[in-house]
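Chemist: Predicted model and sequence below, questions to follow.
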Amino acid sequence: MRWGLSLALAGELAEPAAVAEVAVTAEASGWDGVFVWDHLWNRTLEPFADPWVTLAAITTATERVRIGPLVTPLPRRRPQVVAQQATTLDRLSGGRVVLGLGLGHDGYGEYSAFAEPLTDDRARAAALDRGIELLLPSLAGEPVPQAGGRLTTRAGVQRPRVPIWVAGRPGAAAGPRRLVRHDLEGLALVGGDTWTPADVALAVAATGRPPDAVDIVLTGGEFPDPARLAEAGATWCVVERGPGTTLIEAQRLAASRP
């Protein structure tokens, strides 16, 4: 089992240098990953910092921890730009990037406030699948059919490409189906309050892969029995801290042993 922190980049944590300091503390304390939210705002309507600039700051301050957005709402971004950002960050970090992807949602107007058309789940799901299809060759530094066979990015350090974790919800089939459809590396489960081995076993079974062939990432919530979660096939427990988290609170958590 590996342990990660996932931080909302709002308030005092909207400062990239401050989040980089938290990541340094987490790395020294034995955490395995430091991840960041990708939002304009959430229910608090407090503005967030840019995740990619923040991740670059984390990268230059650390040496070991895995990093990445958890998760990027790909329908709100241009896939070709995300590929460029992810591979560049992977080279800068020496191959430590994981790219978390999801639908995003419009509950707080991140789409509709800007008159963007993807305001329903079905439309965003179709856009996510189209975006992943473009991302896969881009992340590998290969010709991109949708761009007329052009090379759109230099590859990152990891081979065959930067790994992708796609978001899903406990008991829902959409995330595992998307993982299988695109042959992705992991499933980032979100929305659980208290994670159980049954949640994990159901997710592993839905992917159709052996437990050691896919990352099952439990994001947020509580982890009352990490050993049993690992036995069921979970590979990551990611502790979340949302908007309103102070720098002192984040540092205290990072300084604790995972």
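Modeler: All right, it came through fine.
Chemist: The chain: helices as residue ranges?
Modeler: Ranges of helices in the chain, per DSSP state H, are 16-29, 51-61, 79-93, 121-139, 174-182, 197-207, 226-232, 247-255.
Chemist: what does the fourth one rub up against?
Modeler: Outside of helix 121-139, the residues that reach it under the criterion Cβ atoms under 8 Å, 6 or more residues apart in numbering are 73-75, 77, 79-80, 82-84, 86-87, 99, 101-105, 117-118, 143-147, 152-153, 155-156, 161-162, 164, 166, 174, 178, 181-182, 184. Every C-beta, even on glycine, is put in place using the N, C-alpha and C of the backbone.
Chemist: what do you get if the cut-off is 7 Å, keeping everything else the same?
Modeler: Residues outside helix 121-139 that contact it (Cβ atoms under 7 Å, 6 or more residues apart in numbering) are 74-75, 79-80, 82-83, 86-87, 101, 103-104, 117-118, 143-144, 146, 152-153, 156, 161-162, 178, 182.
Chemist: Equivalent analysis for the shortest one, please.
Modeler: Defining contact as Cβ under 7 Å, 6+ apart, one finds that helix 226-232 is touched by 1, 195, 197, 200-201, 218, 223, 237.
Chemist: So which of those residues wins on neighbours?
Modeler: Most neighbours among the contacts of helix 226-232, by other Cβ atoms under 10 Å: residue 218, with 28 neighbours.
Chemist: pLDDT value on the closest residue to that residue other than its chain neighbours, please?
Modeler: Nearest residue to residue 218, sequence neighbours excluded (Cβ to Cβ, 6 or more residues apart in numbering): residue 195, at 4.8 Å. Residue 195 is assigned 97 on the pLDDT scale.
Chemist: Likewise for residue 116?
Modeler: Looking at residue 116, its pLDDT reads 86.
Chemist: again with residue 246
Modeler: Per-residue pLDDT puts residue 246 at 97.
Chemist: That one: what's it in contact with?
Modeler: Neighbour list for residue 246: residue 12 [criterion: Cβ under 7 Å, 6+ apart].
Chemist: how long is stretch 35-54 from one end to the other?
Modeler: Across stretch 35-54, the terminal residues are separated by 10 Å (Cα to Cα, to the nearest Å).
Chemist: Can you pull out the residues in contact with that stretch?
Modeler: For stretch 35-54, contacts defined as Cβ under 7 Å, 6+ apart pick out 4-11, 14, 16, 19, 55, 67-73, 85, 89, 108, 110, 238, 243.
Chemist: swap the cut-off to 8 Å and go again
Modeler: 4-11, 13-16, 19-20, 55, 58, 66-73, 85, 89, 98, 100, 107-108, 110, 238, 242-244.
Chemist: Could you give me the ChimeraX selection string for whichever of those are buried?
Modeler: Buried residues among the contacts of stretch 35-54 (16 or more other Cβ atoms under 10 Å), as a ChimeraX selection:
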select :4,5,6,7,8,9,10,11,13,14,16,19,20,55,58,66,67,68,69,70,71,72,73,85,89,98,100,110,238,243
